[in-house]
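Engineer: Sequence and computational prediction follow.
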Amino acid sequence: MHEALHQKLLVHLKHFLVLGGMPEVIASYSRNMDLLACQSILDDLLISLKADFSKYKKRIPPARMSDIFVSAARQTGGKFTFSQASSQWNHKQIREALELLIMAGLVIPVTHSSGNGIPLGAESNVKKRKMLVFDTGIFHRMLDLEIAEVLFRDNFNMVNKGSIAELHTGLELLKSSSCFNQTQLFYWQRESLNSQAAVDYLIPLAPGIVPVEVKAGTKGSMQSLFLFLAEKKQSFGIRCSLENYAAFGNVFTFPLYAVSEIWKSGL
């Protein structure tokens, strides 16, 4: 893609990450082009979401639901750890609240898979899951992130440790997948001691499993990606970043604004 067009699309991407996709927010922005007004709408929506937790108070206290919802946002980009979620609630109580948030569609799990074959769920481990909040705009307001941190940086590494890029990629993979299947998200982490190798997402894409690595900028090693390709004998991988379309051997780069193109790329 022409570099000038690529840079323009990156600007639109940054606005989308701040706004998210809630209809009221997008409608307001299309009318007034006012990001600060949209932040206020997002704050109101977040208050309404948390107020709805009282509907489940016979099962789970609203305060517990709110705590775990916020913790899921804070832990985005890493394995959800129960001990970090709350010191007030025990493991069983946290799990109950988390499962209810998942059922409500407010939190989306990304489950660990060994990645040896399709279906990926056949070798999944529900004890190892990452969590995604359902909307980047809501995520942005939950963590009280600065608009400037997204809009005016050349990379997102400083935006909650780059987790907003991983969140966006996961949500886009779900939204752009087939409407005829209930798509689930999986990730891979090498199951051996003292290993830091991990791939953000695994997707079933003919003729096999495709590892998807997310980078919050334009730089970063792809050691985990290459390790997965070698160990699992897969033919190619995908890197999603702020870079323009490119190919590095058997790794294809997709800009973060074009994650939806992965499913129909025909690679």
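Structural biologist: The structure has been received and is ready for your questions.

Engineer: Just the element for residue 108, please.
Structural biologist: Per DSSP states H and E: residue 108 is located in strand 107-113.

Engineer: any weak-confidence spans in the stretch 51-200 of the chain?
Structural biologist: 158, 193 (pLDDT under 70).

Engineer: can you list the residues that contact the strand holding residue 108?
Structural biologist: 69, 72, 79, 98, 101-102, 120-121, 123-126, 128-134, 170-171, 174, 184-189, 201-202 (Cβ atoms under 8 Å, 6 or more residues apart in numbering). Every C-beta, even on glycine, is put in place using the N, C-alpha and C of the backbone.

Engineer: Of these, which belong to strands?
Structural biologist: 124-126, 128-133, 185-189, 201-202 (DSSP state E).

Engineer: about what we covered before: for the buried ones among the contacts of strand 107-113, write the corresponding ChimeraX selection.
Structural biologist: The buried subset of the contacts of strand 107-113, as determined by 16 or more other Cβ atoms under 10 Å, is captured in ChimeraX by this line:
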select :69,72,79,98,101,120,124,129,130,131,132,133,134,170,171,184,185,186,187,188,189,201,202
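
Engineer: Residue 180: what secondary structure?
Structural biologist: Counting by DSSP: H, G, I helix; E, B strand; the rest coil, the backbone at residue 180 sits in coil.

Engineer: ok, now residue 196?
Structural biologist: Residue 196 ends up coil, using three-state DSSP.

Engineer: how long is stretch 204-222 end to end?
Structural biologist: 20 Å (Cα to Cα, to the nearest Å).

Engineer: Let me see the mean pLDDT of it.
Structural biologist: For stretch 204-222, mean pLDDT rounds to 86.

Engineer: Please renumber the chain so that the first residue is 56 from this point on.
Structural biologist: That works, and once the first residue is 56, the last one we named lands at stretch 259-277.

Engineer: Now it: buried residues?
Structural biologist: 259-260, 264-272, 277.

Engineer: thinking again about what came up before, so what are the sheet partners of the strand holding residue 163 and their directions?
Structural biologist: strand 179-188 (antiparallel), strand 240-244 (parallel) (DSSP bridges).

Engineer: Ok, which of those comes nearest residue 138?
Structural biologist: Among the strands paired with strand 162-168, strand 179-188 comes nearest to residue 138, with 13.6 Å by Cβ to Cβ.

Engineer: CA atoms only for the closest one, dumped as CSV, please.
Structural biologist: What follows is strand 179-188, C-alpha atoms only, in CSV (Å, rounded to 0.1, in the frame of the first residue of the first chain):
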residue,chain,number,x,y,z
SER,A,179,-7.2,-26.4,25.1
ASN,A,180,-6.7,-25.7,28.8
VAL,A,181,-9.4,-23.5,30.4
LYS,A,182,-7.2,-23.1,33.4
LYS,A,183,-4.9,-20.9,31.3
ARG,A,184,-6.9,-18.1,29.8
LYS,A,185,-6.4,-14.4,28.9
MET,A,186,-9.3,-12.0,28.9
LEU,A,187,-10.4,-9.3,26.5
VAL,A,188,-12.9,-6.5,27.3
